[in-house]
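Asker: Return a 3D structure for these sequence lines:
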Amino acid sequence: MTKIIWMSDPHFQSTGTIDGLDPRMRLAAAISHANTHHADADFAILSGDLVGDDVEEDYAALAEYLSRSDLQIYPMMGNNDAREGFRSHLFLPESVATDFIQFTLETEDGTIVCLDTHKIGSHAGEFCLARQNWLEAVLRAKAGKPVYLFMHHPPMALGLPSQDEIMLEDDEGFWELIGRHSNVKHLFMGHVHRPVCGTMRGISFATLGALSFQAPAPRPSWSWESFTPPKEAPQYGVLEITAGNVTLQYTQFCEYSLGVSD
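Answerer: Down below sits the predicted model:
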């Protein structure tokens, strides 16, 4: 059995607050909770939007917080991230690609593939030809063995109108690539700050609520101009993979009020 703690979207800042909350308190609480209750996990994945606006200072401070984890945390790129600061301060495995922050993690239950969907200057994502070729080579090399994909941007609309505006661009190209291989078993995606699950073209998928602020449900309707985070507690996922079977437990690690400004 492979056990993974899946976290996403901490929007970490070395100082100050974001949307009325202290992201340092939320991240520290998540790490402490995982250390206490899931020390038996194999590792953790942090699927993007790691920092705020002061990239250099934020990454340096984030690295110190991540070092408090008893589990190795593998960070991923999101739309708010920057590859140079990311590489300068954060731990990456030897399998990481040269030009993009894509890598593989081998487990007894298959290969975990973490993708880089960052598009410079955009909140939407992209998966360019170079990144596609890298993934194609991985899937060919792992033919006949299960592969589980983690990515920040969903490659499909999720019925979340505001988030669907900034999903992965050229989603059809992504699915054409995946469709050429039979070993992709599940997709895990961040970005939307809300848990959604389902199947797309026969492949199961899941998204996750954020370590930081959550996004509202799609009804009543809202826009980015009117965005106000709902009073919902943050979460991480406890993922278990055993002989091709997948379970994901959404786990509240603190009260909503933790870190919220008065």
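Asker: going forward, measure contacts between C-alpha atoms and count neighbours the same way
Answerer: Noted.
Asker: count of residues packed around D22?
Answerer: 22 (other C-alpha atoms under 10 Å).
Asker: Quick check: the closest residue to it other than its chain neighbours vs S226, distance?
Answerer: Spatial nearest neighbour of D22, chain neighbours left out: G259 (4.7 Å); criterion: C-alpha to C-alpha, 6 or more residues apart in numbering. Using C-alpha to C-alpha, to the nearest Å, we find G259 at a distance of 22 Å from S226.
Asker: Residues contacting stretch 42-59, please?
Answerer: Contacts with stretch 42-59, where a contact means C-alpha atoms under 8 Å, 6 or more residues apart in numbering, come from 2-14, 62, 71-82, 85-86, 89-90, 150-152, 189-191.
Asker: ok, back up a step: G259 and S226: which has the busier surroundings?
Answerer: A direct count of neighbours by other C-alpha under 10 Å for G259 and S226 places G259 higher, at 18 against 8.
Asker: I'd say the more buried one and M25 touch.
Answerer: Yes. Taking contacts as C-alpha atoms under 8 Å, G259 lies within contact range of M25: 5.7 Å.
Asker: quick one, helices of the protein?
Answerer: For the chain, helices defined by DSSP state H occupy the ranges 23-37, 55-66, 83-89, 129-141, 161-164, 171-179.
Asker: got those as TSV, with mean pLDDT, distance to A210 and mean neighbour count columns?
Answerer: Formatted as TSV, the helices of the chain follow (pLDDT from 0 to 100; distance: least, C-alpha to C-alpha, whole Å; neighbours: other C-alpha atoms under 10 Å):
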stretch	mean pLDDT	distance to A210	mean neighbour count
helix 23-37	98	10	19
helix 55-66	92	16	18
helix 83-89	93	20	15
helix 129-141	98	26	15
helix 161-164	98	14	18
helix 171-179	97	23	15
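Asker: For Y236, find the nearest of these.
Answerer: Closest to Y236 of these is helix 23-37 (C-alpha to C-alpha; 7.6 Å).
Asker: Can I get that closest one as CSV, trimmed to CA atoms?
Answerer: Coordinates of the C-alpha atoms in helix 23-37 are reproduced here as CSV (Å, rounded to 0.1, in the frame of the first residue of the first chain):
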residue,chain,number,x,y,z
PRO,A,23,-1.3,31.5,5.4
ARG,A,24,1.6,30.7,7.7
MET,A,25,-0.7,29.6,10.5
ARG,A,26,-2.7,27.4,8.1
LEU,A,27,0.4,25.7,6.6
ALA,A,28,2.0,25.1,10.0
ALA,A,29,-1.3,23.6,11.2
ALA,A,30,-1.5,21.2,8.2
ILE,A,31,2.1,20.0,8.7
SER,A,32,1.6,19.5,12.4
HIS,A,33,-1.6,17.6,11.9
ALA,A,34,0.0,15.3,9.3
ASN,A,35,3.0,14.8,11.5
THR,A,36,0.7,13.7,14.4
HIS,A,37,-1.8,11.6,12.5
